[in-house]
Each structure stands twice: as C-alpha cells, then as structure tokens.
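Colleague: Structure, please.
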Amino acid sequence: LADSDVVVLLDTPNFFESRWAREELTRANATSIQVLHLLWPGRSPPAEAALSSFLALEEEDFCESNFGGDGVLLDNVVKRIFVEVEALRARALASRHRYLVDAFCDEARRLGVEVDVQPSRHIVFRGAENEGFVMPLVGVPSARRLHEVYDALFKEESTKVVWALFDNRGLLSSTIDHLSWLNISLPLKAVSVYDVAK
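Modeller: Next up is the predicted model:
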C-alpha cells in the first residue's frame, strides 16, 4: 500500500468479515491513502469506513442487473469510478506531500533550523552546521526517482546536503534496508521523515 494513492474497496456483503480487508483499510487511512468505497447494492456505509469516499452501486449499474459474483458493471459506471479515482488520487498526492513538508519543517524549526519551501516543491534549509535541499517523495523512493532528485538539486550546489525525504510507514524492511545501502554510495541521502532529527 505504501506506493498506492487510492484504494478501490468493493464492499460486498461479506467484505468486512475478512481481517485482512479491515487491516488494509486501517493502513490506508493511517497513511493518507484515499479510499473509494464502492457500496454493493443495498449496503449502507459501515462505521469502519468513516474516512472513505462512498459511491453507492445500484442494481441498474450492472449488466442485466446481475450483481452476483459474475456481475459486470456498465461502461458508464466504470467511467464514473475512474473519474472519482483520479480526483481522489490528486487529493492523496497533495495530502501525502503536505504531510512530509509539514513534518520536516516542524522538526527543523524545533531544532532551530531555518526552512523555506520553494515553488518547485523542494525545501531549502539552513542550520548552524549545514545547509542543503530536501525533496519530499511520495511513495516508495526508487533509484530512478533518487536520480531525478540528484539531477534537479545536487548538480546545482554540489557542496550542499541533499536529502530525498520519504515516509517509511508501510514500507517493507527490505526496502528500508536497500535505501540505507544506497545511502552509503550515493551523493544524496534518502531520509525517513521519522529520522529527520538525527
């Protein structure tokens, strides 16, 4: 889920009987991933999904009003779902980026470090011991994305610190270990938002 922006949840009559379904919904809500909750015909919004965006499906939204296990949604309903997913995706990206910026800036100010958020969406920081750039990255930082950050920021000011800031909630420990390994060799560092103070 850490690299997802939107979860499309198809709330069939037995959906919330699954422990895994409940845990995934909880994880999505905790990490600012938006949830489009498609309610099966006749279902009411469950209390567990209070943070979801709802789209109630009706019998007539299915071909031949068949909303059983082999039912097929009509094309216009699928298009409506796509439009809603894209709107939620934009909201998720903005929310997750804002979280990284706010968390970094709050911690930097707490430590007496001056910060300026730039129109290009990166952060410039100036402290007593160092100064540099921070690029907030939504999702799992890939080597390709780290290269893009390097090209955008490091080449300009090779004497300054450059960090790619990420949220490690939901990342596999193997991914975090890989990023730590990359940090040994790369001229920029991938830093978890929770390790900013260090």
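
Colleague: Over the lengthiest helix in the chain, what's the mean pLDDT, rounded is fine.
Modeller: Ranked by residue count, the top helix of the chain under DSSP state H comes out as helix 75-110. For helix 75-110, the mean pLDDT works out to 94.

Colleague: tell me how far the next helix or strand after that helix is from the chain's mean position?
Modeller: Moving toward the C-terminus from helix 75-110, the next helix or strand (DSSP states H and E) is strand 114-117. Centroid separation between strand 114-117 and its chain, computed with Cα atoms, centre = their mean, to the nearest Å, is 23 Å.

Colleague: In PDB, could you pull the C-alpha coordinates for whichever helix or strand comes after strand 114-117?
Modeller: Sequence order places strand 123-126 as the next helix or strand after strand 114-117, per DSSP H and E. Provided in PDB are the C-alpha atoms of strand 123-126 (Å, rounded to 0.1, in the frame of the first residue of the first chain):
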ATOM      1  CA  ILE A 123      12.700  22.700   0.800                       C
ATOM      2  CA  VAL A 124      15.900  24.800   1.400                       C
ATOM      3  CA  PHE A 125      17.300  24.500   5.000                       C
ATOM      4  CA  ARG A 126      20.000  26.500   6.800                       C
END
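
Colleague: Please point out which parts of strand 123-126 sit buried.
Modeller: Residues of strand 123-126 classed as buried by neighbour count (16 or more other Cβ atoms under 10 Å): Ile123, Val124, Phe125. Glycine gets a C-beta too; all of them are placed from N, C-alpha and C.

Colleague: again with stretch 108-120
Modeller: Across stretch 108-120, burial judged by 16+ other Cβ under 10 Å covers Ala108, Val113, Val115.

Colleague: Okay, now the unreliable bits of this structure?
Modeller: Along the chain, segments meeting pLDDT under 70 span 155-159.

Colleague: coming back round to it: save the buried residues of stretch 108-120 as TSV, and put in distance to Gly68 too.
Modeller: Formatted as TSV, the buried residues of stretch 108-120 follow (distance: Cβ to Cβ, whole Å):
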residue	distance to Gly68
Ala108	55
Val113	59
Val115	55
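
Colleague: Pull the number of nearby residues for the nearest residue to Asp61 once chain neighbours are set aside.
Modeller: Distance criterion Cβ to Cβ, 6 or more residues apart in numbering; nearest residue to Asp61, sequence neighbours excluded, is Val77 at 4.5 Å. Applying other Cβ atoms under 10 Å, we find 18 residues neighbouring Val77.

Colleague: Alright, I will stop here.
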